[in-house]
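> Can you look at this prediction? I've put the sequence above it.
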Amino acid sequence: MSLDPDPVDQLLDRHGKHWLATFNPLPLEGALAVAIDQQPHRTRWLWPVAAAVALLVIPLLTVVGISGSLQSAHHPAGYLGDFAWNGAVLNKDPRTLTIAVDINRIRDYCLDDGLPAVRAVVSETATKVTIRAQAFEPSHPSPTPSVPPGTVLACSLRGYRPVMVTVRLEQPLGTRSLLDAKTGARHQVVDASKVPAPSWLPAGYVDLGFQRYDDDSDQVLHRYDAGKAELRVVRGHGFPAPANERGVTTATVLGQPAKVTAPSKGVTNEACVIWDDSEYSWSICSVGGPAVHDPPLSAAELLRIANSLR
């Protein structure tokens, strides 16, 4: 069984033959004249040496450049590049991290096509963990609709939406440093096990874990899903007052005054409870489904969830 020749060897062979075919040697008379000239003209021997070096270096640089382009082409199809990431959260499993990759802040990506696929490449030592976030075109882009020839398709949805990536470590993070391979930046981590979470939820809700979009903020989102409804528990600072004050009632959460908002008819199918404690601002919002018979949770249910935070 024969093996295909190495592509670099093929390049060297092809460029060597081309160089030999096009090389014009210096005239013999001129070379002899330089050799027998006994006068101390330094520049006369410098030029032939420089020319010889150039003749050797130029083909070598050509091959190295082409070889480098071959190596860069080894990325899988759809590779968009390496991207910075942010907002690391250490999940309750100490070997699992969640990070937010800010691909849409760098590349104006149409969300109609779906979110880019992101792969995390992890390197671990005894003192540090380095994560490289690599982005790829969406695996299942939206199908292109049938339109008349010449029609220009516009993007209906553009905007910032970080891609959340779960990273599995070989060993618990512990006290090791956490670094971004793209920027070299060292990131602080929010430990999810130290963030209060509801100890009571209505039946059917599945914990989707924590998300955090920015290192410069303490805001942490804890998401739960119930199929046609979603629950969002957010801890942060300085949440804005409810826009629909007419639908707001007052209550008490863990001994603190709170406001409860009702869904705004024709605007949003969402109900929230909002309050401040001695350190953070909190909001718990229930988002209902698109149908009328899929309303958000009631005010009583939201308050029960809020008062169950432990």
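Sure, I can see it.

> Report the contact partners of residue 207.
222, 224 (C-beta atoms under 8 Å, 6 or more residues apart in numbering). Bear in mind the C-beta positions are built from the backbone N, C-alpha and C, glycine included.

> so how far is residue 301 from residue 288?
Residue 288 sits 12 Å away from residue 301, taking C-beta to C-beta, to the nearest Å as the criterion.

> Surely residue 100 touches residue 86?
Yes: using C-beta atoms under 8 Å, residue 100 is in contact with residue 86, at 5.1 Å.

> Quick check: neighbours shared by the two?
Residues touching both residue 100 and residue 86 (C-beta under 8 Å, 6+ apart): 162, 212, 213, 214.

> count of neighbours near the second one?
Other residues near residue 212 number 25, with proximity taken as other C-beta atoms under 10 Å.

> got a pLDDT number for residue 278?
In this model, residue 278 is scored at 94, pLDDT.

> Ramachandran angles for it?
Main-chain dihedrals, residue 278, degrees, to the nearest 10: phi -70, psi -20.

> how close does it sit to residue 256?
From residue 278 over to residue 256 the distance is 9 Å, taken as C-beta to C-beta.

> neighbour-wise, which of the two wins?
The residue with more neighbours, out of residue 278 and residue 256, is residue 256; 13 against 5, by other C-beta under 10 Å.

> can you pull up the bridge partners for that one?
Listed beta-bridge partners, residue 256: residue 253 (assigned using DSSP bridges).

> Scan the shared contacts of residue 100 and residue 86 and report the most crowded one.
Neighbour-wise, these (other C-beta under 10 Å) top out at residue 212, 25 neighbours.

> Not counting residues beside it along the chain, what's closest to that one?
Excluding the flanking residues, the one nearest residue 212 by C-beta to C-beta, 6 or more residues apart in numbering is residue 87, at 3.7 Å.

> residues near the one you found, how many?
Counted with other C-beta under 10 Å, the neighbours of residue 87 add up to 26.

> List the residues that contact it.
Shown in contact with residue 87 (C-beta under 8 Å, 6+ apart): 99, 100, 162, 211, 212, 213, 214, 215.
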